[in-house]
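**Student:** Below are the sequence and a predicted model for it; my questions follow.
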Amino acid sequence: MSTPLVNSGRGPRQQFELSIGRVTFRVQMSDPKLFGAASARYRAFTGAAAPPIKIALNDGALAAGRAADFAYEFEGAALRAFRSEIRFDGVRNQYALDSLLRVLLSWKLLGHRGFLLHAATVVRDGKAYIFTGRSGAGKSTVASLSPEGSVLTDEISLLRREHGMWRAYGTPFWGEFRAAGLNISAPLAGVFRLVQAAENRVTPLRPLAILRALLPNVLFFSAEAEANRRLLEILSQAATEIAGYNLAFRKNPTFWEVLP
């Protein structure tokens, strides 16, 4: 899983690869404690589904005058994406690393007709059901009411359009239910906007309503106009091609009975 690297006198470095939604990263670092925690955290998502994108952690000062294609800062940690490499600097713990990986992945997915969504994904009969909504709407509740081994994620779902169809991928980004995620994918059955209610009821949505349901729950961190235009294009296509519904549900497993 790890390979020692030459590090220009800064001490031994190690690396591991992880693939999330078939986007592959090779993470290199010299902090053994952080390496051990990250290796364990992402163990289920190791492997190379595609040529990896190199990420160097805390690799020393940047050359002056280099302009990043994409940059983001989070609680003292900084992401800098260049044409030839990705830099994560100031990463002191696993939480910061996990956060920067989410930010980077949301940007990289633009090139793969994909996006990250605050949603739980559950696989049933070979199809992926996406449950989204505002905080507290019931994503973790749905995950907890689903059969063991069926939850791809209870917090951040990954959707990609591949070979003319939309698929949902498991991610290692979990929420309250702490579903560790499954490194598999499945074709979409639909996206369901959650509303807690006394009775279970499902109502189909038109494409514009689906887009409105998606937009406030998409994870995206770039302010660059072209990147946002591209994201809106991907979401608009998703809204016209994916079935969407409002799902009023009770807090028990009977909500599955009304799903199409």
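**Tutor:** Right, received. Where do you want to start?

**Student:** the longest helix in this protein is where?
**Tutor:** Longest helix of the chain, by residue count under DSSP state H: helix 225-241.

**Student:** Identify the residues contacting that helix?
**Tutor:** 70, 107, 110, 113-115, 159, 161, 166, 207-208, 210-211, 214-215, 218, 220, 222 (CB atoms under 8 Å, 6 or more residues apart in numbering). (Each C-beta comes from the backbone N, C-alpha and C, glycine too.)

**Student:** Just the buried residues out of those residues, in PyMOL syntax.
**Tutor:** To isolate the buried members of these in PyMOL, using 16 or more other CB atoms under 10 Å:
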select buried, resi 70+107+110+113+114+115+159+161+166+210+211+214+218+220+222
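
**Student:** where in the stretch 1-150 of the chain is pLDDT low?
**Tutor:** The stretch 1-150 of the chain contains residues with pLDDT under 70 at 1-11, 48-49, 60-65.

**Student:** show me where it has strands.
**Tutor:** For the stretch 1-150 of the chain, the strands defined by DSSP state E, counting those that start in this stretch cover 14-20, 23-29, 53-57, 70-74, 77-81, 86-89, 114-124, 127-132.

**Student:** Of the ones you listed, which stretch is the most buried?
**Tutor:** Stretch with highest mean neighbour count among the strands of the stretch 1-150 of the chain: strand 114-124 (a mean of 25; mean count of other CB atoms under 10 Å).

**Student:** partner strands of that strand, parallel or antiparallel?
**Tutor:** Strand 114-124 pairs in its sheet with strand 127-132 (antiparallel), strand 151-153 (antiparallel), strand 156-162 (antiparallel), strand 218-219 (antiparallel), by DSSP bridges.

**Student:** can you put the ones you listed in CSV and add distance to Gly76?
**Tutor:** Shown next, in CSV, are these (distance: least, CB to CB, whole Å):
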stretch, distance to Gly76
strand 127-132, 31
strand 151-153, 27
strand 156-162, 22
strand 218-219, 21
